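K.L.:
attaching a predicted model along with its sequence, questions to come.
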Amino acid sequence: MPEKRKSVLRLPKRHGGVPGSSSAADGEQLIKAQSFRDAVIAGLIVIILFSVVWAMLSTLVNRIFPWMTVVLGVLIGLVMRRAGRGLDWRFPVFAAVLALAGALASNVVVAAAFTASELETSTFTILRAVTAMTWPVFFDEVISAADVVYALFGAATAAFYANRRLSRGEYNAVRKWQEEQDGFVPMKKN
């Protein structure tokens, strides 16, 4: 029998793997590896750290960068992907919610930092002095349409990056596990 020669121009397959090597048990392990709690905690930590860094950067250069909320969305999405290892709809939805809340919180901290420098006090003093009477002023004077647009883009970016990326074998394993849970057994080839 003649040897089958490989074409020199053919690129190696990096996505193939051994067909049928993934099982429903592998999919079950991937499902059980999800941690919504870890994803939420990691997202909240990112919001806190990002707010501090953004306020420090803005006061250092004496300028506010509203597009930083898109960067916040990317960071939240990537951290939620890494910490949560999520596969279902909860992770992108909550990443988007966290990105919107983080954009608001970060804008509050940045505004407080600029107000603190004008009043020659600390940012924490300004944040502790926030009352229900200051919120309408904040939304009228600080939040602009650009801030809202950037926050929405940040939320969409966070949702995009939040779910775990699976290899073909992992995807097949999860699909087999889901089919097993649904009671669907695919027909075997002869």
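P.N.:
Looks like it came in fine.

K.L.:
contacts only, for the residue most central in space within the chain.
P.N.:
If you average the C-alpha coordinates of the chain and look for the closest C-alpha using CA atoms, centre = their mean, you land on residue 77, 1.1 Å from that point. Taking CB atoms under 8 Å, 6 or more residues apart in numbering as the definition of contact, the neighbours of residue 77 are 95, 99, 157, 158, 159, 160, 161, 162. Backbone N, C-alpha and C define where each C-beta goes, glycine included.

K.L.:
find the nearest non-adjacent residue to it, please.
P.N.:
The shortest distance from residue 77 to any residue other than its chain neighbours is 2.8 Å, reached at residue 161 (CB to CB, 6 or more residues apart in numbering).

K.L.:
and if you look at residue 55?
P.N.:
Nearest to residue 55 is residue 113, by CB to CB, 6+ apart, at 4.1 Å.

K.L.:
show me what counts as buried in the strand or helix carrying that neighbour.
P.N.:
Remark: residue 113 resides in helix 90-119, with elements defined by DSSP states H and E. Residues of helix 90-119 classed as buried under the neighbour-count rule (16 or more other CB atoms under 10 Å) are 90-92, 94-116.

K.L.:
can you show me the helices along this structure?
P.N.:
Assigned by DSSP state H, the helices in the chain fall at 24-32, 36-61, 68-84, 90-119, 123-128, 134-141, 145-162, 168-182.

K.L.:
if we can go back for a sec, looking at the contacts of residue 77, spot the one nearest residue 131.
P.N.:
residue 99 (26.4 Å; CB to CB).

K.L.:
pretty sure the closest one sits against residue 153.
P.N.:
No - Residue 99 is beyond contact range of residue 153, at 9.3 Å (criterion: CB atoms under 8 Å).

K.L.:
what residues are shared contacts of the two?
P.N.:
69, 73.

K.L.:
for residue 157, what are its contacts?
P.N.:
The neighbourhood of residue 157, defined by CB under 8 Å, 6+ apart, consists of 70, 73, 74, 77, 99.
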